[in-house]
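Enquirer: kindly return the folded structure for what I paste below:
(one chain, ligands or ions: 1)
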Amino acid sequence: MAGNAISPEKGVRRKEAYVDQGTVLKFDKNNDFQQELKRRVDEYFESSGRHPRDNWQMYLKSAILLSSYAGLYVLLVFMATTWWQAVPLALALGTVMALIGFNIQHDAGHQAYSDRGWINKMMSMTIELIGGSAYVWHWRHAVFHHTYVNITDHDTDVDLGFLGRLTPHQKRYAFHRWQHFYLWPLYGFMAIKWQLVNDFWDVSRCKIADRRIPFPKGWDLVIFLGGKITFFTLAFVIPMLFHTWWVVLLYYGLAALAMGVILSIVFQLAHAVEEAEFPMPAPDTGRIESSWAVHQVQTTVNFARRNPVVSWLLGGLNFQIEHHLLPRICHVNYPALAPVVEQTCRDFGVEYHEHPTVWAGLRSHYRWLRQMGTEEGYA
Ligand SMILES: [Zn+2]
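Expert: Take a look at the predicted model:
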């Protein structure tokens with residue numbers, strides 16, 4: 001049942017023509033680590049009787065989060081009458097939107113929610129409810145990020161443009177020396193840019209950063225347009241029927257800022273920290289030194305994995321090593337699988353990095369930003 005759980009994202013090879021435009025990256029071919037891990041993970045599911053997907057905990061969590069989203073929206077738009085009611089409701093709504101992304105959409109988009117394709121498809125569309133696009137997410141996250149983690153100019157997640165320097169191979173500007181201060185609030189504005197600009201820009205150019213993507217066709221285009229109309233109706237049209245336009249924009253901004261800060265920070269703690277590596281392909285062969293699976297571990301850091309509250313809230317994104325190795329296994333299984341992954345890493349001499357708490361991860365991200373923003377941070 002756990003078959004094909006460990007591999008680069010489905011369809012990546014077929015899509016490589018889009019990915020690198022003539023400079024396709026290859027990983028080392030030795031996949032002993034990957035095969036042994038797959039064997040041990042399959043053995044775990046067989047002996048425990050648990051299932052990699054369609055877990056009841058996931059369905060329950062989805063019901064809790066989606067009903068919280070609906071409830072908070074109704075309270076904010078139709079019931080709140082004062083600012084001290086609306087402010088906490090907007091912040092809570094933004095937080096729940098981030099949690100829907102972490103828990104429901106992220107697993108479904110990786111086909112890790114269910115064995116049934118239509119359930120994954122339907123639940124992956126929850127990203128349209130929070131202002132994103134399942135189509136663009138697939139390319140940005142599942143293809144570019146998951147295949148080429150932390151490889152400069154290939155992983156679009158470590159590309160903040162001129163605003164920040166996250167890898168030692170990016171150009172450093174003088175103002176980056178303050179990025180460990182100014183990037184934190186800017187993370188908040190990234191959700192607003194994402195919801196209002198990025199998806200339209202990426203699809204109209206058929207590019208994410210300088211990576212080519214195909215223009216959405218058929219149902220992908222219908223879902224893209226329908227999703228945008230749904231989100232804009234929920235975020236602006238309906239609220240403006242009941243409130244003044246500037247009040248709507250104010251509380252939209254507040255919810256989006258909360259969502260942006262939470263989304264960005266959780267993803268940064270996994271890859272933009274001191275312990276993560278930022279390998280580059282060999283200039284002569286274009287080959288990455290490690291195999292694909294070893295590369296995932298070298299570029300990824302876990303945090304707070306023994307904290308059940310953090311694990312429930314973040315949809316297993318504090319177990320990013322397990323997620324990157326086992327992207328098609330539902331995150332509710334990660335706490336039980338982590339010792340199997342850690343032991344396999346140890347047996348193959350691959351370092352398994354983790355921060356014990358969220359705070360330790362935040363401090364490491366702060367120090368990494370400071371290091372990358374200063375001269376000494378150069379590779
Ligand atoms: Zn992912």
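
Enquirer: quick one, longest helix in this protein?
Expert: Counting by DSSP state H, the longest helix found in the chain is helix 245-271.

Enquirer: next structured bit after that one?
Expert: Proceeding N to C from helix 245-271, the next assigned helix or strand is strand 287-291, under DSSP states H and E.

Enquirer: one step back: so for the longest helix of the chain, what gets flagged as buried?
Expert: Neighbour-count burial for helix 245-271 flags 248, 250-271 (criterion: 16 or more other Cβ atoms under 10 Å). (C-beta placed from N, C-alpha, C; glycine too.)

Enquirer: let me see the mean pLDDT of that helix.
Expert: Helix 245-271 shows a mean pLDDT of 95.

Enquirer: same question for stretch 53-65.
Expert: Looking at stretch 53-65 alone, the average pLDDT works out to 97.

Enquirer: and the contacts of it?
Expert: For stretch 53-65, contacts defined as Cβ atoms under 8 Å, 6 or more residues apart in numbering pick out 96, 99-100, 103-104, 107, 112-116, 123, 312, 328-333.

Enquirer: and stretch 235-243, by the same measure?
Expert: So stretch 235-243 is contacted by 77-78, 131, 195, 248, 251-252 (Cβ under 8 Å, 6+ apart).

Enquirer: next, give me the two most distant ones among these.
Expert: Greatest spacing in these, by Cβ to Cβ: F78 and Q195 (21.8 Å).

Enquirer: the more surrounded of the two?
Expert: Neighbours per residue, other Cβ atoms under 10 Å: of F78 and Q195, the larger number sits with Q195, 22 against 10.

Enquirer: for the residue found closest to that one once you drop the neighbours it is linked to in the chain, what are its contacts?
Expert: Nearest residue to Q195, sequence neighbours excluded (Cβ to Cβ, 6 or more residues apart in numbering): G131, at 3.4 Å. Residues near G131 by Cβ under 8 Å, 6+ apart: 97, 191, 194-195, 231, 235, 256.

Enquirer: out of these, which is nearest to Q296?
Expert: Closest approach between these and Q296, by Cβ to Cβ: W194, at 24.7 Å.

Enquirer: roughly how far does that closest one sit from N307?
Expert: 28 Å (Cβ to Cβ, to the nearest Å).

Enquirer: neighbour count winner among those two?
Expert: Set W194 next to N307 and count neighbours by other Cβ under 10 Å: W194 wins out with 20 against 15.

Enquirer: which residues does that one contact?
Expert: By Cβ under 8 Å, 6+ apart, the neighbours of W194 are 131-132, 260.

Enquirer: likewise E275?
Expert: Taking Cβ under 8 Å, 6+ apart, we find E275 in contact with 301, 353, 364.

Enquirer: centroid residue for this protein?
Expert: The centroid of the chain falls nearest to F267 when counting by Cα atoms, centre = their mean (5.8 Å).

Enquirer: tally of neighbours for the nearest residue to that one once chain neighbours are set aside?
Expert: Nearest residue to F267 in three dimensions, chain neighbours excluded: D157, at 6.6 Å (Cβ to Cβ, 6+ apart). Residues contacting D157 under the criterion other Cβ under 10 Å number 20.

Enquirer: just the buried members of the contacts of stretch 53-65?
Expert: 96, 99-100, 103-104, 107, 112-114, 123, 312, 328-333.

Enquirer: before we move on, back to that, save the contacts of stretch 235-243 as CSV, and put in distance to N31 too.
Expert: Shown next, in CSV, are the contacts of stretch 235-243 (distance: Cβ to Cβ, whole Å):
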residue, distance to N31
V77, 52
F78, 55
G131, 38
Q195, 39
V248, 53
Y251, 50
Y252, 47
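
Enquirer: pLDDT weak spots in the protein?
Expert: Along the chain, segments meeting pLDDT under 70 span 1-24, 376-379.

Enquirer: what about the strands in it?
Expert: Under the criterion DSSP state E, strands of the chain are mapped to 26-28, 207-208, 211-212, 287-291, 301-303, 353-355.

Enquirer: pull the residues that contact the second one.
Expert: Okay, so that is strand 207-208. Contacts of strand 207-208 (Cβ under 8 Å, 6+ apart): 136, 139-140, 144, 156, 202, 213.

Enquirer: can you pick the most crowded of the residues you listed?
Expert: Neighbour counts for the contacts of strand 207-208, by other Cβ under 10 Å, peak at F144, which reaches 26 neighbours.

Enquirer: residues contacting it?
Expert: 19, 154-157, 208, 211.
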